[in-house]
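**Q** Structure for the following, please:
(2 chains)
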Amino acid sequence: MKTKIALTIFTIIASIKISLSGTIHVVTTTQDTKSIAELIGGNKVDVFAIATGYQNPHFVDPKPSYIIKLSNADLFVTLGLDLEAGWSPSLLTSSKNKKIQKGSNGYVDASVGVTLMQVPSAINRAEGDIHIYGNPHYWLDPLNGKIIARNICNGLEKISPENKDFFESNLKIVDAQIDLKMKAWTTAMASFKGTKVIAYHNEWCYFENRFGLTIVDFMEPKPGIPPTPSQLVKIIKEVKENNIKVIITSPYFTASSSDVVSKQTGAKTLVLATSVGAFDEIKTYYDLFDYNIKLLTTGLK
Amino acid sequence: MIKFISLLLYSVYILSFCFSQTDSAKKADSLLLMQIQSEMQQTPTSQPKQRVAASANPDISVIGDFRGLYRSYGYHNFDAVLNEAEFSFQSVVDPYVRADFFYSIGEDAATGNFSSEIEEGYLTTLSLPAHLQLKAGRLKQQLGRVNPVHAHALPFADMPDAFVNFFGEEGLKGDGVSLSWLLSNHTFFQELTVEATNVSNNPSFERSKKNNYLYLAHLKNFWDLSANATLELGLTGMQGENLSKKITNIGAVDLTYKWKPVRYNTYKSVTFQNELYYSQAMLDSSTVNAIGFYSMLNIQVAKRWFLAGRFDYSNTPYSAQFVQQSGSLTLGWYATEFQKIEIEGKYTTMNEALPENHNEKNFEMAYLRWIFVIGTHGAHQY
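**A** Residues are numbered from 1 along each chain as shown, chains lettered A, B, ... in the order given. Below you'll find the predicted structure:
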């Protein structure tokens, strides 16, 4: 009996010692969740993001070098839905790391709790790249950033409960900061409520909904299908009819199609940031919206 | 007694460091109360209001490979054929393993007869300690860059001559186990795979009537040369029984350079892929040392367009005198992730005439391949 007690005590001490001694290694699929994980985890975490900020998150190449990071991770954060379906599951399986497999404590689906937009009632690929759970670009609404932060905080607390107070305290700071920034962002965008724009790809619905823009049409005739001549003719007509001033696109789409429309109509093409790190000055999740709001308010004037 | 307890305590301490599984379990036990308290105090996140209904079904897909074939010899030198329909079922079984099944039905272009087989059917562990992973079942073996990949995912319509001559159209696969280990190398990726299989018959190896399984070891090395460029070097060794009921040893090297700009990775890319096989087949009265290789350059010239050139050189496992060489060019149009059309032209020259080629030493072939996918199909390797 004494031996059992001694063993148990020793094991507890050893376990706590291990958990306290090291930094928590976090791997996220994107730079946005990396930024939020760093804001919550502070100096307790070391975060690596797989996708760069200027990369299309649907099409990341599952390089074996990412497996090294995943194999040593304590926590994996995915944006979820089926955004990373083409690359993240195979990397996770290859990581041979049971701590971060789906269903484990070290697996965080950042989308849990997000109210999704554009949820299809039926799946038909004739409509292009349709996402079965709904539009997955939800991090482009700053208020969803608070839900992402909550989910990451929960994940960190599961694997490091001894730092719960620290994470909760940081979560409050993040929530407060987003609330504070939201006032400035909505004020800046208030005068552009209902302004019609064209977008390249259907990835701005959460941003559009939050800041009151109206996306009239997309350069892609269907999600994932490159712009066709007939679609460009349609867009040019819509831009002229609606006096649209701005086409919004993303860093990973080539400008050739947008340039054609711009030359024909005089509408400006604005390359908005879809993620932290899309441009050098965007270093945090807050910067992402600072950058986009500034670019839009200048472009729409 | 004290010594015994001390030893026991020390062992537990060491084990807690050595085995992450043990470590995690003990950590979870010891901190369970803290976790429960922690979770009870967390603000519950609301469940999403709209989600597609959950399903326990596996990911199911069907891949069609329809093709037209042209040969510059024979009276009947054009065929149209549904070359293959591949049915895949993929899912996690439970927290410990996942399962992948690929069932293939193929049509013989000459006869129109269909044949079917379980192309692959294996489980993969998800929870082994020490960065180990075990696959068990019927599987494509970890040889180079072509063999583990299903034909529809390759950038050319035909298989390289060396691959066909040494391992057959269907490649090297068998029933058995595959254990892979991710080496603790933080500088570059290294993975060692060892396999033992009851191999399916192919030109180099026979399914043994005795206990001569096919043993294979593969070391995969991968480097990020820059954000846009990568290099992979694979080394493979294998040993199994040949048609003379004696032993064949094969060594293989694969080297692949890829360039893909991160920002515009859907628009531009270059892949330079090479694979070499060296075979030593011990026969009744002699030993045959034979080689075969291919070299392929695949350039993505626009978002949907790929151009691949390939040079093949090959002996056969039982004749170093036989030499087959060919050059091919493939133009691919990738409509979406779910459909592509490829046109390939190929010129072949041999130093010996073969009956299956109507005794022609030099001939041309052309392929038109149309690949289409319905359902949910898992991602392929990088």
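**Q** how much space between whichever residue of chain A sits closest to chain B and A:Asn144?
**A** Of all residues in chain A, A:Gly113 sits closest to chain B, at 3.4 Å by Cβ to the nearest Cβ. Placement of C-beta: from N, CA and C, glycine included. Computed as Cβ to Cβ, to the nearest Å, the A:Gly113 to A:Asn144 distance reads 9 Å.
**Q** Over to A:Val108?
**A** Using Cβ to Cβ, we find A:Val108 at a distance of 15 Å from A:Asn144.
**Q** the more surrounded of the two?
**A** A:Val108 (26 against 21; other Cβ atoms under 10 Å in any protein chain shown).
**Q** So what's the gap between whichever strand or helix holds that one and the chain middle?
**A** Per DSSP states H and E: A:Val108 is located in strand A:107-109. Here the centre of mass of C-alpha atoms in strand A:107-109, compared against the chain's by Cα atoms, centre = their mean, to the nearest Å, lies 14 Å away.
**Q** Can you mark which positions in the helix or strand following it are buried?
**A** Scanning forward in sequence from strand A:107-109 by DSSP H and E, the next helix or strand is helix A:142-159. In terms of neighbour count (16 or more other Cβ atoms under 10 Å in any protein chain shown), helix A:142-159 has its buried residues at A:142, A:144-159.
**Q** just how off-centre is helix A:142-159 within its chain?
**A** Worked out by Cα atoms, centre = their mean, helix A:142-159 lies 13 Å from the chain centre.
**Q** and the angle from the following helix or strand past it to helix A:142-159?
**A** As assigned by DSSP H and E, the chain's next helix or strand after helix A:142-159 is helix A:164-190. Put simply, helix A:164-190 runs at 170 degrees to helix A:142-159, going by axes from the mean of the first three to the mean of the last three Cα atoms, to 10 degrees.
**Q** Indicate each strand paired with whatever helix or strand comes next after helix A:164-190 and its parallel or antiparallel sense.
**A** Under the assignment DSSP H and E, the closest C-terminal helix or strand after helix A:164-190 is strand A:196-199. Here strand A:196-199 has these sheet partners by DSSP bridges: strand A:214-218 (parallel), strand A:246-249 (parallel).
**Q** Name the residues that touch the longest one?
**A** Contacts to strand A:214-218, defined as Cβ atoms under 8 Å, 6 or more residues apart in numbering or on different chains, come from residues A:194-202, A:204-205, A:208, A:234-235, A:238, A:242, A:244.
**Q** among those residues, which ones are buried?
**A** Judged by 16+ other Cβ under 10 Å, buried ones among the contacts of strand A:214-218: A:195-202, A:204-205, A:208, A:235, A:238, A:244.
**Q** Widest-spaced pair of those residues?
**A** Greatest spatial distance among the buried ones among the contacts of strand A:214-218 (Cβ to Cβ): A:Thr195 and A:His201, at 19.1 Å.
**Q** So what's the residue count around A:Asn163?
**A** Using other Cβ under 10 Å: A:Asn163 sits among 21 other residues.
**Q** Over to B:Leu225?
**A** By the measure other Cβ under 10 Å, the count of residues near B:Leu225 is 11.
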